[in-house]
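>>> Sequence plus the predicted model coming up.
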Amino acid sequence: MEKTVQSPKPHSSKGHVFAHSMWRTGSTALARCFLSSDDYLVFYEPFHETCGSPKRIKLARQNQSKQTQELRHPTWTGGYFDAYLLTDPLTGKPLWRLFDRSSTLSTPYRTRPNPRALAYLEACKRVADDQGKRAFFGFCRSGRHLQGMPLGADGSGFYLYRDPHSQFRSYGWPQNEYFLPCTLIQLLSAKATRQVVLDLLPNAISRVALFAFLMRRPGFERQIALGRTLAKQLTPRTAYQMFYLSHCTTLHSARQAGLPCLTMNDLIDRRAEIEPQYGVDLSPLRRNTPVHDDADRYDAWESELRDRFGPQIPALNPPNHTKA
């Protein structure tokens, strides 16, 4: 009797997937689609500070139900960061030990990740390869450093973005004390955007104190505390302009890197094309409905920001100004 040889799966020769985005774009829902596939090992927010601590990973798992409810995330099998407890077959070390602590909250708007961070991503790929799977990297803080992440010979990637008005509304500022404060720290930590942030901040805030703080490279908790202090002093106009600067900077960087830029609605409309390409079911995805309340006010704040800083920040200039 002839031995039956199983044919390879249609996408087995394809490489790992890099899905870049900012917060509140639907990235977690998309990652959940890949998590449902047996062909992928999902690395959720691989540059999140939680990834470098088994204690934080377990704590995040304990708090996951609360976060799922607050942020309307889909149900997730296991903990968001459990993959980082797995062991790299080459070094024999768990991924959390290989995590590069320089690539965390404050780094996304620098041009490219540290070489140690890229080595860590390679270790994640090895773990996936060792399990006979493809790695799916779901970045939620891509910033500018996505330009320095090579896809590899067979890899693929894209950038998920959202209408800026509705995305900002989803940040829940000022009630939510995470997204906007963290955005301020990210923008302040990069030379390309620091001066704009300093010019937008109220005059009462000491620039000397800010520089001294940044030079000391404080830990995550102190960065968050500073971001919250700064955010509390912002008017609605300035808060939106800070967000919009980050929105444009990241979208511009994705285009500079040659990545396809898609909205959640694009993914849904192009399911027939995208599902066979990646071998995943996108039916759980839900459309993002653009927010039209106060659209004229938001547009005016965007125009003001472009008129004032467009000459020094190319990302703010058309045709890079795009809405879903």
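Looks like it came in fine.
>>> Next, count neighbours for the closest residue to Gly79 other than its chain neighbours.
Spatial nearest neighbour of Gly79, excluding adjacent residues (C-beta to C-beta, 6 or more residues apart in numbering): Arg61 at 3.3 Å. (C-beta placed from N, C-alpha, C; glycine too.) For Arg61, the neighbour count with other C-beta atoms under 10 Å is 16.
>>> any idea how far Thr50 is from Arg61?
10 Å (C-beta to C-beta, to the nearest Å).
>>> now swap in Ser37 and tell me
Taking C-beta to C-beta, one finds Ser37 at 23 Å from Thr50.
>>> on that earlier part again, can you work out which residues contact both of Arg61 and Thr50?
80-81 (C-beta atoms under 8 Å, 6 or more residues apart in numbering).
>>> dump the residue contacts of Glu304.
By C-beta under 8 Å, 6+ apart, the neighbours of Glu304 are 237, 241.
>>> and it, helix, strand or coil?
helix (DSSP: H, G, I helix; E, B strand; the rest coil).
>>> Now the element after the element among helices and strands of the chain having the smallest mean pLDDT, going C-ward?
Sorting the helices and strands of the chain by mean pLDDT, DSSP states H and E puts helix 207-215 at the bottom, at a mean of 76. Next along the chain after helix 207-215, taking DSSP states H and E as the criterion, comes helix 220-231.
>>> And the contacts of that following helix?
In contact with helix 220-231 (C-beta under 8 Å, 6+ apart) are residues 49, 104-106, 173-174, 177-178, 180-185, 201, 205, 210, 213, 218, 239.
>>> again, but for stretch 270-284
So stretch 270-284 is contacted by 9-11, 17, 29-30, 32-34, 36-37, 39-40, 74, 156, 262, 267-268 (C-beta under 8 Å, 6+ apart).
>>> again, only using 7 Å
10-11, 17, 29, 32-34, 36-37, 39, 74, 267-268 (C-beta atoms under 7 Å, 6 or more residues apart in numbering).
>>> What of stretch 58-66?
50, 76, 79-82.
>>> That one: end-to-end distance?
End-to-end distance of stretch 58-66 (C-alpha to C-alpha, to the nearest Å): 14 Å.
>>> residue contacts, Ala300?
With C-beta under 7 Å, 6+ apart, Ala300 has no contacts at all.
>>> 10 Å instead?
Residues in contact with Ala300 (C-beta atoms under 10 Å, 6 or more residues apart in numbering) are 237, 294.
>>> Now, the contacts of helix 220-231 that are in helices?
Counted as lying in helices by DSSP state H, out of the contacts of helix 220-231, are 180-185, 210, 213, 239.
>>> between those, which is nearest Leu95?
Relative to Leu95, the closest of the ones in helices among the contacts of helix 220-231 is Cys182; by C-beta to C-beta it sits at 23.1 Å.
>>> Isn't that closest one up against Trp23?
Yes. Proximity of Cys182 to Trp23 meets the contact threshold set by C-beta atoms under 10 Å, at 8.1 Å.
>>> Between these two, which contacts overlap?
141, 171, 246.
>>> TSV please, covering those and showing secondary structure, neighbour count and distance to Ile224.
Shown next, in TSV, are the shared contacts of Cys182 and Trp23 (DSSP: H, G, I helix; E, B strand; the rest coil; neighbours: other C-beta atoms under 10 Å; distance: C-beta to C-beta, whole Å):
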residue	secondary structure	neighbour count	distance to Ile224
Arg141	coil	24	14
Tyr171	coil	20	15
Ser246	helix	26	16
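>>> Run through the neighbouring helices and strands of the host helix or strand of Leu118.
Using DSSP H and E, the element containing Leu118 is helix 115-130. Helices and strands touching helix 115-130, by 3 or more C-beta pairs under 10 Å, 6 or more residues apart in numbering; DSSP states H and E, are strand 40-44, helix 95-98, strand 134-138.
>>> Compute the inter-axis angle for it and strand 40-44.
150 degrees (axes from the mean of the first three to the mean of the last three C-alpha atoms, to 10 degrees).
>>> just how off-centre is helix 115-130 within its chain?
18 Å (C-alpha atoms, centre = their mean, to the nearest Å).
>>> cool, and stretch 237-249?
Worked out by C-alpha atoms, centre = their mean, stretch 237-249 lies 16 Å from the chain centre.
>>> Tell me the buried residues in that stretch?
Using 16 or more other C-beta atoms under 10 Å as the test for burial, stretch 237-249 gives 238-249.
>>> Nearest to Asp163 among those?
Of the buried residues of stretch 237-249, the one sitting nearest to Asp163 (C-beta to C-beta) turns out to be His247, at 9.7 Å.
>>> Quick check: closest non-adjacent residue to that closest one.
Nearest one to His247, counting by C-beta to C-beta, 6+ apart, is Pro164 at 4.9 Å.
>>> On the pLDDT front, check the one you found for me.
Pro164 carries a pLDDT value of 95.
>>> Low-confidence ranges, the stretch 201-324 of the chain, go.
Counting by pLDDT under 70, the ranges of the stretch 201-324 of the chain that qualify are 318-324.
>>> switch to 90 and redo it
The model of the stretch 201-324 of the chain has pLDDT under 90 over residues 202-226, 288-294, 317-324.
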